[in-house]
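# okay, sequence plus prediction incoming.
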Amino acid sequence: MTDVTGFGLAGHLLGILEASGVAARIRLAAVPVLPGAEALSAAGHGSTLLPMNRAAAVRMVFSKGPRADLLFDPQTAGGLLAAVPGGQASGLLAALVAAGEPAAIIGRIEPGAPCLIVE
């Protein structure tokens with residue numbers, strides 16, 4: 001588990017993948033974003049750290065666009081990213097939602113060299 005702050009979701013997830021020697025596949029549409037964030041991204045607004053964080057893209061497979069740019073945005077208010085066993089993910093999600101916490105399953109870990117595939 002890690003907090004998602006300065007390196008954006010992509011940077012933090014790639015750090016987990018590198019430390020674990022695995023790959024991941026996420027669904028871009030499943031990644032929660034704040035209201036208005038995608039529109040601001042589409043208008044070209046981003047943090048001064050955004051260009052540096054985009055360097056992680058060399059270890060990713062994804063289609064470029066405003067929503068994908070948010071994967072590199074460091075302004076994420078410190079949400080948490082957790083890797084949990086697949087068989088426990090739905091139960092954990094239900095418990096978090098029942099406790100009033102915003103939560104989502106955004107993808108899965110896969111065997112392979114550290115790489116992030118965004119669908």
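All right, it came through fine. Computed from a predicted structure; not experimentally measured.
# check contacts around the nearest residue to residue 31 once chain neighbours are set aside.
Using Cβ to Cβ, 6 or more residues apart in numbering and skipping residues adjacent in sequence, the residue nearest residue 31 is residue 106, 5.1 Å away. Backbone N, C-alpha and C define where each C-beta goes, glycine included. Contacts for residue 106 (Cβ atoms under 8 Å, 6 or more residues apart in numbering) come out as 26, 27, 30, 31.
# can we see that at 10 Å?
By Cβ atoms under 10 Å, 6 or more residues apart in numbering, residue 106 lies in contact with 9, 13, 24-32, 81, 118.
# from residue 44, how far out is it?
25 Å (Cβ to Cβ, to the nearest Å).
# for residue 118, same thing?
Residue 118 sits 21 Å away from residue 44, taking Cβ to Cβ as the criterion.
# give me the low-pLDDT residue ranges for this structure?
76-78 (pLDDT under 70).
# is it true that residue 46 touches residue 53?
Yes: Residue 46 is within contact range of residue 53, at 9.3 Å (criterion: Cβ atoms under 10 Å).
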